[in-house]
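Just a sequence and a predicted model for now, questions to come.
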Amino acid sequence: MSKDIIEIPFWNKANLTLEEAAKYSNIGINKLRELSNERNCPFVLWVGTKRLIKRRIFDDYIEKISVI
């Protein structure tokens, strides 16, 4: 029995890995890691030790800032 894997484009996902967020935003992985390490980062979601980026909140964050 073969299971078909459906690939969802990362721009349609609710949460992104660091690699997906870097491609999506054109911001480097190291810079995203630095931003998401901050204590009150609004767009990071921790699943155990896995770090995910909340795409919609990340979009809002990027819209409001002018310098990273």
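Structure received.

C-alpha only now, for contacts and for neighbours.
Will do.

now residue 62: how far from residue 47?
To residue 47, residue 62 is 23 Å away according to CA to CA, to the nearest Å.

which other residues reach the longest helix seen in the chain?
Longest helix in the chain by number of residues (criterion: DSSP state H): helix 55-64. Residues from elsewhere that reach helix 55-64 (CA atoms under 8 Å, 6 or more residues apart in numbering): 13, 14, 15, 16, 21, 42, 43.

just the CA coordinates of it, formatted as CSV?
In CSV, the C-alpha atoms belonging to helix 55-64 read as follows (Å, rounded to 0.1, in the frame of the first residue of the first chain):
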residue,chain,number,x,y,z
ARG,A,55,4.2,32.7,9.3
ARG,A,56,1.3,35.2,9.7
ILE,A,57,2.8,36.8,12.8
PHE,A,58,6.2,36.8,11.1
ASP,A,59,4.7,38.6,8.1
ASP,A,60,3.2,41.2,10.4
TYR,A,61,6.6,41.6,12.3
ILE,A,62,8.5,42.1,9.0
GLU,A,63,5.9,44.7,7.8
LYS,A,64,6.4,46.8,10.9
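
Helices of this protein, start to end?
Taking DSSP H as the criterion, the chain carries its helices at 18-25, 29-36, 55-64.
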